[in-house]
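In: Structure for this input, please:
(chains A and B)
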Amino acid sequence: MTERFDPAQADTRWQAAWDEAQSFRADDTSSKPRSYVLEMFPYPSGRIHIGHVRNYTMGDVLARYKRMKGFEVLHPMGWDAFGMPAENAAMEKGVHPGGWTRENIANMKAQLKRLGFALDWSREIATCEPEYYGHEQALFLDLYEHGLVYRKESAVNWDPVDQTVLANEQVIDGRGWRSGALVEKRKLSQWFLKITDFAEELLEGLSTLDKWPEKVRTMQENWIGKSQGLQFRFDLSTGGTVEVYSTRPDTIFGASFVAVAADHPIAQTAATGRKDVQDFIALCKQGGTTAAELETAEKLGFDTGIKARHSFTGAELPVYIANFVLMDYGTGAVMAVPGHDQRDFEFATKYDLPILRVVAASAQEAEKPFDGESEAGDGVLVNSAFLDGMSVAEAKAAVIARAEGEGWGEGKTVWRLRDWGVSRQRYWGTPIPFIHCEVCGVVPVPKKHLPVTLPEDVDFQTPGNPLVRHPTWKHVDCPQCGHAARRETDTLDTFVDSSWYFLRFASQPGDRPFDPAKIAEWLPVEQYIGGIEHAILHLLYARFWTRALARIGKIEVKEPFGSLFTQGMVTHETYFRINDANGQPVYFAPGEVERTSEGATLRADRAPVEVGRVIKMSKSKKNVVDPDEIVATYGADAIRWFMLSDSPPERDLPWSEAGIEGCGRFVQRLWRLFAQHDPAAQGEDKAVDRKVHQTIAAIAGDIESLGFNKAVARIYELTGVIEKAAPSASRSAAIRSLLLLVAPMMPHLAEEAWATVGAGESATLVADAAWPDVDPALLVDDEVTVAVQVKGKLRDTLTVAKGTSKEELEALALASEKVQRALDGAQVRKVIVVPDRLVNVVA
RNA sequence: GCGGGCGUGGCGGAAUGGUAGACGCUGCGGACUUAAAAUCCGCUUGGGAUUCCAGUGCGGGUUCGAGUCCCGCCGCCCGCACCA
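Out: Purely as a prediction, here's the structure:
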């Protein structure tokens, strides 16, 4: 073996060897048990980001480990290739979205290959190719046939200057990002998927996902938001009624006004011939459509002059038009209870409306004033006639029972979850396979005409959807009546693409989306790994899509991801100087900066720069590092090792130059140790044997629970033990085991060393070698260290045989000089003994 | 605003309610070397000076014993339905 490990040549050599042997190709016909390891596929932005490296390294270690444990592993990769950045590039640089995307994919694929990931590239998918999205169109039509797709009006962000629909992220402070114009809400007829039909199922399914993080399940549960409430009617002074919904019918006696959405029929009626009302409604239409924006915007209202008659008290409640009430939510009208709802409280304060207390900590506090905010907590009902003295839950039930008995309302389950709007007024997405015919209405494209492909000749020089402007693409004949008709020009939300790609990975016939038998073999995904930012939307949509396909009989599996892991971000320090002219920071890249223990200086002028906070790597803050450069300098194994070291995988990982250097050093340290493998060495070293077997067992557990940082720490520990041990057969066996333990993490180093260490063994590639066996007899130590405390404070330790009796431990502890000194003659009241762990003497 | 999470040395972190700081990074000291690199060894929570005190964001509580459990704060991060 050479003196130094040379990653530059070893990396490419072993990557080629794996390719040639097709080591990581998943075999559908294998008799081995299956394991499907999947990481969230990337958007092809152009370059692999260090966060991808972390994500894919984790999956790779698990996939390689599973192979060593004898599983047939499916570990595929693909590209979430539709989306806005390609269109932005087209507008800014005049390149075609398709060309731009495909070039990015080629670059990123080469980058991934340089990292040595054990991926089955024969199953690579790009969602922007008709071979993928054509099947998606077929599935969309299947859902349509089963009544799970429909059209309705829904609001979008409209840029009145660019005459285009904006994504939420394109709206900055209520203005269009390019035009700077004030954004308006505009209603368009759009396509929806009936995810609400699955609300109950999706909620109940969460309880089966015991290998998902608790926090993700909680977030989804809250998102689905099942609530039991009362839908009821108030009589209006203008005649007729207003239908309202409340999840807190118990607080009905605290209602002091009624608020309706700006596009509620009552508001619309009130606006006829009233300029002031029309102006207010127009004001409500300003601004974006996001929940955060709506809820943080100043609460505005307009008193219509209409009164609603309170069902119990007969009080006349003013009816306001309010900007914080949403038409798509419940009935678009609410009974406002300022005392027990914060939004209502702010509104009431602003418009000087009564704030009544109907829930209090106790009956004695019925008249207690509010302390500047509403009180949403539990308590006892007060000032509420027949409800007085009840708990919130009892009062809810009582009000619902009364309303139903008297016929003015009914208990109703309402979900926060809304149907999924999938229409996008954009080019770079899956065309929605429908045709609009003046005679026949909305007609699905016959499946035999799929895929509906995107036209290539499009122009991005004008804002708006190029599909609408295209001279010929949208003009087709109606498939039913043959008359001239128009294609749907909306494309699908890219979340649809990522809602079934894991199925296509498992099976990819040419003539249909997948083969259900193959899906049954591979699914559910054993381990899914990705960012916490996908905790709700992507994961909920993928669960929905899977259940929808199961309901219409396409597949059997109901939950796509058996186990989920959400990894943290990769972060880095920021370096900047404040620009004197405008007070804004000017950022510098890590490569431009010399870091010292005291601070940092700019290489260019040797003058200091500020060291800013450690934050998520982002181009705008320039705190990014390029994985390719790291691989070129330190090799793939060093960057992989860094990704696994130190930080728990679910937490953020701060990148540091010193850290990667340390990883590079450790690769060489292992190489030197592997070179000491001596098959002829004789003699047994029980301590080394024990350490090795304990480490093998522990690391297997660490990898299976994705505790990579712990596995790394154990490898450091074992390395230290082997280095210090005298030569023996045990030591040589330990070196061989260590090599196998690091093989999933540092596969190139492991292959290079295996050529020597594993010479003559059946597996010629370490990629095909088996995980080392554990001798259970070697897992237990025969001696243990027991802590001795006096009144909970450590005073001594005892080294005793494992299993020493309670009585003996107590005697030994009391005999300790240190214990006696700490007791200082005090009377021993009690001795707590936990065998093999500790003795606590209580005085 | 609403929902979810996190908080331990100079830094990343470890610790089934049972010895807080494993392991790594940095820094400092030493060995080897003509020298450097590489490598190896030691020290590295604070205070007090020998075996003591304090300490896991802050304030309370439960317990023989709390980083871990409970209550109330503070700070930071993620998501909020058209970013992916």
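
In: So what's the residue count around A:Asp371?
Out: For A:Asp371, the count of nearby residues is 7 (other C-beta atoms under 10 Å). C-beta: built from backbone N, CA, C; applies to glycine.

In: Now do the strands in the stretch 251-400 of chain A.
Out: A:257-260, A:301-309, A:316-322, A:333-336, A:359-360, A:380-381 (DSSP state E, counting those that start in this stretch).

In: Point out the one among these that comes closest to A:Glu559.
Out: strand A:333-336 (35.4 Å; C-beta to C-beta).

In: And the contacts of that closest one?
Out: Here strand A:333-336 makes contact (C-beta atoms under 8 Å, 6 or more residues apart in numbering) with A:234, A:242-246, A:252, A:255-261, A:264, A:266, A:317, A:320, A:325, A:344, A:347-348, A:353.

In: change it to 6 Å
Out: Residues outside strand A:333-336 that contact it (C-beta atoms under 6 Å, 6 or more residues apart in numbering) are A:242, A:244, A:246, A:255, A:257-260, A:264, A:325, A:344.

In: do stretch A:662-675 as well
Out: A:1, A:5, A:634, A:637-638, A:641-642, A:739, A:749, A:753, A:757.

In: out of those residues, which is most surrounded?
Out: Busiest of the contacts of stretch A:662-675 [other C-beta under 10 Å] is A:Leu749, holding 30 neighbours.

In: Could you measure from that residue over to RNA strand B?
Out: 14 Å (C-beta to the nearest atom of the strand, to the nearest Å).

In: residues in contact with that residue?
Out: A:5, A:637, A:667.

In: got the residues you listed as CSV, with secondary structure and distance to A:Glu810 columns?
Out: Compiled in CSV, these are given as follows (DSSP: H, G, I helix; E, B strand; the rest coil; distance: C-beta to C-beta, whole Å):
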residue, secondary structure, distance to A:Glu810
A:Phe5, coil, 54
A:Asp637, helix, 51
A:Val667, helix, 50
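
In: now, among the residues you listed, which is nearest to RNA strand B?
Out: Taking C-beta to the nearest atom of the strand as the measure, RNA strand B sits nearest to A:Val667 out of the contacts of A:Leu749, at 9.5 Å.

In: gap between the closest one and A:Arg67?
Out: Distance, A:Val667 to A:Arg67, by C-beta to C-beta, to the nearest Å: 22 Å.

In: Pull the number of nearby residues for A:Glu92.
Out: The burial count for A:Glu92: 9, using other C-beta under 10 Å.

In: same thing with the one 3 residues further on?
Out: As a burial measure, A:Val95 scores 15 neighbours (other C-beta under 10 Å).

In: Helices of the stretch 501-650 of chain A, start to end?
Out: A:501-506, A:516-522, A:537-551, A:627-634, A:636-644 (DSSP state H, counting those that start in this stretch).

In: Which residues does the first one contact?
Out: Applying C-beta under 6 Å, 6+ apart, the external contacts of helix A:501-506 come out as A:38, A:76, A:123, A:125, A:514, A:518-519, A:522, A:525, A:560.

In: other SSEs contacting the helix or strand containing A:Val442?
Out: According to DSSP states H and E, A:Val442 maps onto strand A:441-444. Here strand A:441-444 touches strand A:434-437, going by 3 or more C-beta pairs under 6 Å, 6 or more residues apart in numbering; DSSP states H and E.

In: Can you list the strands that the strand it packs on pairs with?
Out: Take DSSP bridges as the rule and strand A:434-437 pairs in its sheet with strand A:441-444 (antiparallel), strand A:484-487 (antiparallel).

In: Need the ones you listed in JSON lines (columns: mean pLDDT, distance to A:Ala16 and mean neighbour count).
Out: Shown next, in JSON lines, are the strands paired with strand A:434-437 (pLDDT from 0 to 100; distance: least, C-beta to C-beta, whole Å; neighbours: other C-beta atoms under 10 Å):
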{"stretch": "strand A:441-444", "mean pLDDT": "95", "distance to A:Ala16": "48", "mean neighbour count": "15"}
{"stretch": "strand A:484-487", "mean pLDDT": "95", "distance to A:Ala16": "47", "mean neighbour count": "16"}
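
In: how about the residues of the stretch 701-843 of chain A near RNA strand B?
Out: By C-beta under 7 Å from any atom of the strand, the part of the stretch 701-843 of chain A that sits against RNA strand B consists of A:709-710, A:712-713, A:716-717, A:720, A:723-724, A:785, A:787, A:789, A:791-795, A:797, A:818, A:821-822, A:830, A:832, A:834, A:837-838, A:840, A:842.

In: Name the stretch among the helices of the stretch 501-650 of chain A that sits most buried.
Out: helix A:636-644 (a mean of 28; mean count of other C-beta atoms under 10 Å).

In: Extract the C-alpha trace of that one and format it as PDB.
Out: Presented in PDB, the C-alpha positions along helix A:636-644 are these (Å, rounded to 0.1, in the frame of the first residue of the first chain):
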ATOM      1  CA  ALA A 636     -15.200  12.500  -1.800                       C
ATOM      2  CA  ASP A 637     -14.700  10.500   1.400                       C
ATOM      3  CA  ALA A 638     -13.600  13.500   3.400                       C
ATOM      4  CA  ILE A 639     -16.700  15.600   2.500                       C
ATOM      5  CA  ARG A 640     -18.900  12.600   3.100                       C
ATOM      6  CA  TRP A 641     -17.300  12.100   6.500                       C
ATOM      7  CA  PHE A 642     -17.800  15.800   7.300                       C
ATOM      8  CA  MET A 643     -21.500  15.500   6.500                       C
ATOM      9  CA  LEU A 644     -21.900  12.700   9.000                       C
END
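
In: in its sheet, what does the following helix or strand past it sit against?
Out: Proceeding N to C from helix A:636-644, the next assigned helix or strand is strand A:653-654, under DSSP H and E. Sheet pairing of strand A:653-654 (DSSP bridges) gives strand A:570-572 (parallel).

In: now the partner strand: mean pLDDT?
Out: Average pLDDT, strand A:570-572: 82.

In: do it and RNA strand B meet?
Out: No - with C-beta under 7 Å from any atom of the strand as the criterion, RNA strand B is not reached by strand A:570-572; the gap is at least 8.9 Å.

In: same check, this time on stretch A:492-508
Out: Yes - interface with RNA strand B: stretch A:492-508 contributes A:493-495 (C-beta under 7 Å from any atom of the strand).

In: Let me have those in CSV, extended by distance to A:Val61, neighbour count and secondary structure.
Out: As requested, those are exported to CSV (distance: C-beta to C-beta, whole Å; neighbours: other C-beta atoms under 10 Å; DSSP: H, G, I helix; E, B strand; the rest coil):
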residue, distance to A:Val61, neighbour count, secondary structure
A:Asp493, 33, 23, coil
A:Thr494, 29, 23, helix
A:Phe495, 28, 17, helix
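
In: ok so A:Trp473 is a strand residue?
Out: No - with DSSP: H, G, I helix; E, B strand; the rest coil as the criterion, A:Trp473 is assigned coil and is not in a strand.

In: got a list of what it touches?
Out: Contacts of A:Trp473 (C-beta under 6 Å, 6+ apart): A:Pro455.

In: hang on, the earlier thing: TSV for the strands of the stretch 251-400 of chain A, including distance to A:Ala63 and mean neighbour count?
Out: Converted to TSV, these look like this (distance: least, C-beta to C-beta, whole Å; neighbours: other C-beta atoms under 10 Å):
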stretch	distance to A:Ala63	mean neighbour count
strand A:257-260	54	25
strand A:301-309	57	19
strand A:316-322	53	22
strand A:333-336	51	26
strand A:359-360	54	24
strand A:380-381	57	24
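
In: Using CSV, lay out those strands together with mean pLDDT.
Out: Shown next, in CSV, are these (pLDDT from 0 to 100):
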stretch, mean pLDDT
strand A:257-260, 90
strand A:301-309, 89
strand A:316-322, 90
strand A:333-336, 88
strand A:359-360, 82
strand A:380-381, 84
